[in-house]
Structure formats: C-alpha cells, structure tokens
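A.B. asks: Below are the sequence and a predicted model for it; my questions follow.
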Amino acid sequence: MADGTKGTEKNQKEFERCRSIIENCRIEAAKRIVGQTHVIDGILTALVAGGHILLEGVPGLAKTLAVKTFADMSGLSFKRIQFTPDLLPADVTGTLIYEQGAGRFSVRKGPVFTNLLLADEINRSPAKVQSALLEAMGEYQVTIGEQSFELPKPFFVMATQNPIDQEGTYNLPEAELDRFLLKILLNYPSGEEEQRIVKSGGRLEEVPVARVFDADSIELCRSLLDDVTVTDDIVRYIVSIVNVTRPDKDKKNTGSASGSAVLKYLSFGASPRASIALHRCAKVRALFAGRSFVLPEDVKAAAPDVLRHRLILSYEAAADNVSADDLIEKILSLMPVP
C-alpha cells in the first residue's frame, strides 16, 4: 500500500513537472511570437506526441520565426533547409562523394541529420524533393547509396508552406502529408497584436529566450502519456469521427445526415494513421490540462489540426467553396458525444 502511495506521489510530481515545462515554453515563446497561441500549443503537442508538424500561412505570418524560436528554446541540434525549385534530393539527405586520392566513395550526410529540421517553404520544390523526406519522417532513417543511417533521437520535421493557390507552389504528395501529425493554419494577427509587432520594429527575432526544454524534458512528458487513460467510449468516438470521412457507396445511399452533408464533398478520407494521431493528440491535450484522463472536448479540440490535411476534397467541394475545416466542423456536430 505504501509503495502504491509513493508511486502515485512520484507520478503526480512528474505530471506537475511536465506542466511546468509546458508553461515555461509558452511563456518564452510568447516573447517572440505575438498572438498565435494555437501555433505554440500545436508545436508543443507535436514535440510531446513525437510527430511532425506542417505550418501553413501566407508570407510574413512568423511561420519560420515560430520554428526557430523553439529551436532556440531547446538544447537540441537544429538545421534549416530552404526548399527551392532547383533543390535536389541529395541536398536534403546527403550523397556519396568520390575521394580520388583514396580511390573510394565516402558518405556526406545532409542537413536532415539533426534533431529539429526546419523544412522552409516545403511546397516550393517539386514532389521528388519533398518525397526525399518520406523515409526520414516515417522510419527515422535515411538511405544513402546502399547504406541506411539512423537519424539522431529525437527527430522532428517542422515544415512551413504557403497556400497551394499561390504561384510557384507544388502540392505535397498525399503519402507525405499523412506523415505530418498536425497541420496548423496561421491567420492574420488582430489589430492589437499587429500594433505590438509594429512597435517591435521587426526585431522580435532578436528578443532573447531561455532554454527551457531538452530531449530529457520531451521524453519525460512523452512517458507520462502512458498514464493518461482513454476509455473505450472515447476510442469508439475517435474511430467514428475518422470513419465518417471515408467515402463509401453504402454510406452515401443511407440518406443519413452525415452521408448527404459530408461524403459528397470527399474523394478520399483519413486512414487509420489519423485515428492513432487523434488518439495520441487527445492524450497530450489532457496532459497539458493536468488531467490523467481524456474527455470528448480533448478529441474535438485536436480533430481539426489532425484531420484537415488528410481529407482529399471532391470537385463538388471546390464548386461549393467548402473547406476541410468546414467538413470537420460538420462531422463533429453530427457525431454523438459519449
């Protein structure tokens, strides 16, 4: 009994320590990133959940600044790749170099060998370059020549992209999009927030931030996810939300509200990887709130960022000006809450 009490007390202290780390991260990040609290929480969620994140917004909304700020706040190695139309896959992963004096090939590792990788404006490069990250993001290794090399742990890709309707952009392959745990949309700042940005004279990047987390901090918070309880009802709720996104003739012919209002706008839905991601992100949200159990509200809050890049919309959606977020909102309103 005494051992059980000690274990509970230790667990509670670790929960409090994790919450303290998260709160310190929010405070430090807010010194440079004005507003955009959902971006800060999204990056923190991806770090703790062990997934990659995609930030989308028009130029000038501090996408790159947000990623660089988290790099400065951490004790992790950081590298940046500026994606351009003439970038080659070898510029990302590395290549074999022939050493004439030694008469052999040697491996020159690319910038992907780091803890935090900023893939800046990832959709400015064609698909073959974007796909160079696929193995790294999915298997945490890179193949150069005939050899495979493990990436440093932890390894996170934080990618930024401009809206796909802008000139000079390429759609990311669906397989790569699915590897991103979250896709966060950056909006324009409010009038008050923009005044703060203007008063800074464009020097927010120069504001010093403290190092408040490292690999051990991330591992501590991640280990606590195993102690966050998810009931069977919540699991069924998660699976039901994802399942509704999958077009099916039987569903469409049922005449149900979900079939008529949602499925006609979808060409392809989310895979089981989305269910796993939603389950994990809901646990992270509960952890951030200081709870050891997941509520339906955690699932609802995580769903848009987890699902929006995994839904392939139909031509009808484009014709009716319906977005992925509109469909997710509709699905959440239709699904019975446990």
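C.D. replies: Sure, I can see it. Predicted, not measured: the structure shown is a model, and the values here were computed from it.
A.B. asks: So the closest residue to residue 217 other than its chain neighbours, which state does it fall into?
C.D. replies: Using C-beta to C-beta, 6 or more residues apart in numbering and skipping residues adjacent in sequence, the residue nearest residue 217 is residue 21, 5.0 Å away. Backbone N, C-alpha and C define where each C-beta goes, glycine included. Taken by DSSP: H, G, I helix; E, B strand; the rest coil, the conformation at residue 21 corresponds to helix.
A.B. asks: Over to the one 5 residues further on?
C.D. replies: When classified by three-state DSSP, residue 26 comes out as helix.
A.B. asks: For this protein, which segments count as strands?
C.D. replies: 52-56, 78-82, 94-99, 104-109, 116-120, 141-144, 147-150, 156-161, 180-185, 266-268, 312-313 (DSSP state E).
A.B. asks: what is the mean pLDDT for the second one?
C.D. replies: Confidence for strand 78-82, expressed as mean pLDDT, is 92.
A.B. asks: Next, count neighbours for residue 152.
C.D. replies: For residue 152, the count of nearby residues is 14 (other C-beta atoms under 10 Å).
A.B. asks: wait, isn't it in contact with residue 79?
C.D. replies: No - with contacts defined as C-beta atoms under 8 Å, residue 152 does not count as touching residue 79, sitting 10.6 Å away.
A.B. asks: Next one: residue 99, what pLDDT does it get?
C.D. replies: 81.
A.B. asks: before we move on, what about residue 132?
C.D. replies: Residue 132 carries a pLDDT value of 83.
A.B. asks: can you tell me which residues contact it?
C.D. replies: By C-beta atoms under 8 Å, 6 or more residues apart in numbering, the residues touching residue 132 are 89, 92-93.
A.B. asks: Any figure for the gap between the closest residue to it other than its chain neighbours and residue 133?
C.D. replies: Counting by C-beta to C-beta, 6+ apart, residue 132 lies nearest to residue 89, which is 3.8 Å off, once chain neighbours are set aside. Using C-beta to C-beta, to the nearest Å, residue 89 is found at 9 Å from residue 133.
A.B. asks: Next: residue 108.
C.D. replies: 18 Å.
A.B. asks: likewise residue 288?
C.D. replies: Taken as C-beta to C-beta, the span from residue 288 to residue 133 is 28 Å.
A.B. asks: do the same with residue 296
C.D. replies: To residue 133, residue 296 is 34 Å away according to C-beta to C-beta.
A.B. asks: And for residue 269?
C.D. replies: For residue 269 relative to residue 133 (C-beta to C-beta), the value is 24 Å.
A.B. asks: higher neighbour count, these two?
C.D. replies: Neighbour count, other C-beta under 10 Å: between residue 269 and residue 133, residue 133 has more, with 25 against 20.
A.B. asks: Residue 263 against residue 247, yeah?
C.D. replies: Yes - counting by C-beta under 8 Å, residue 263 touches residue 247, with 5.3 Å between them.
A.B. asks: which of those two has more neighbours?
C.D. replies: When residue 263 is set against residue 247 and neighbours are counted by other C-beta under 10 Å, the residue ahead is residue 263, at 21 against 17.
A.B. asks: what pLDDT does that one get?
C.D. replies: Turning to residue 263, the model gives it a pLDDT of 83.
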